[in-house]
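>>> My questions concern the predicted model and sequence given below.
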Amino acid sequence: MATHLASMAVIKAAKEGDDAAFERLLEPLLDHAYRLANGLLHDHHAAEDAVQEASVKAWRKLGQLHEGSEMRPWFFAIVANQCRSSMRSRWRSIVGPAQSEPSVEASDDEVLARVELRRSLRAMNEEKRLVLVLHYYLDLPIAEIAATIGLSPRGAETRLQRATNELKRRMEAHRGRS
């Protein structure tokens, strides 16, 4: 309870224009926000840009964070929306995502599995991909996923289950073609 009250005090200070308070709120979220963006965009540079843009938007829209609301799902929703905007942009549709080499030594099978996973995720609609990234990449609980995507916890759980099943079907179908 004391932690929540302290967090509310920091949010209030940030809303009143305290830059340092906003940085204290945002700093612990940035690594997860980048992982979310990279999971959605599959492009390290685009993910960095999306988190940076989302941070600026969060600063401008901080007054819209309702009293008693948590900062993390609110900010992740802004990051997800920024990623959607980035994916829809004309420039991105022309040049497509950057292809990056695996950063760690991995067997051919592991590399192939990662490529198959990325292809399968990219082929899914944005809502399903988002819920998968929030759950499996960021390990968020259902309640936070629900708050981030604007659904009830039961709705978020159902979407996660459907998305997981679809991803499994896509991965199995891809293996069948290999």
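Nice, thanks for sending it over.
>>> For the rest of this, base every contact and every neighbour count on C-alpha atoms.
OK.
>>> Domain map for the chain?
1-100, 107-178 (automatic domain parsing).
>>> Dump those domains to JSON lines, plus mean pLDDT.
As requested, these are arranged in JSON lines below (pLDDT from 0 to 100):
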{"stretch": "domain 1-100", "mean pLDDT": "83"}
{"stretch": "domain 107-178", "mean pLDDT": "87"}
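>>> Can you add mean neighbour count and give these back as TSV?
Shown next, in TSV, are the domains of the chain (neighbours: other Cα atoms under 10 Å):
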stretch	mean neighbour count
domain 1-100	17
domain 107-178	16
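>>> Off-centre distance for the longest helix seen in the chain?
With secondary structure taken from DSSP state H, the chain has its longest helix at helix 153-177. Here helix 153-177 is found 18 Å from its chain centre; the criterion is Cα atoms, centre = their mean, to the nearest Å.
>>> quick one: contacts of that helix?
For helix 153-177, contacts defined as Cα atoms under 8 Å, 6 or more residues apart in numbering pick out 116-117, 120-121, 124, 128-129, 131-132, 135, 142-143, 145-147, 149.
>>> where do the helices sit along this structure?
Going by DSSP H, the chain shows helices at 2-15, 19-26, 30-41, 44-60, 71-88, 90-95, 108-123, 126-132, 142-149, 153-177.
>>> Give me the nearest residue to the spatially most central residue of the chain, chain neighbours excluded.
Residue closest to the average C-alpha location in the chain (Cα atoms, centre = their mean): residue 36, at 2.8 Å. Leaving out its chain neighbours, the residue that sits closest to residue 36 by Cα to Cα, 6 or more residues apart in numbering is residue 133, at 6.2 Å.
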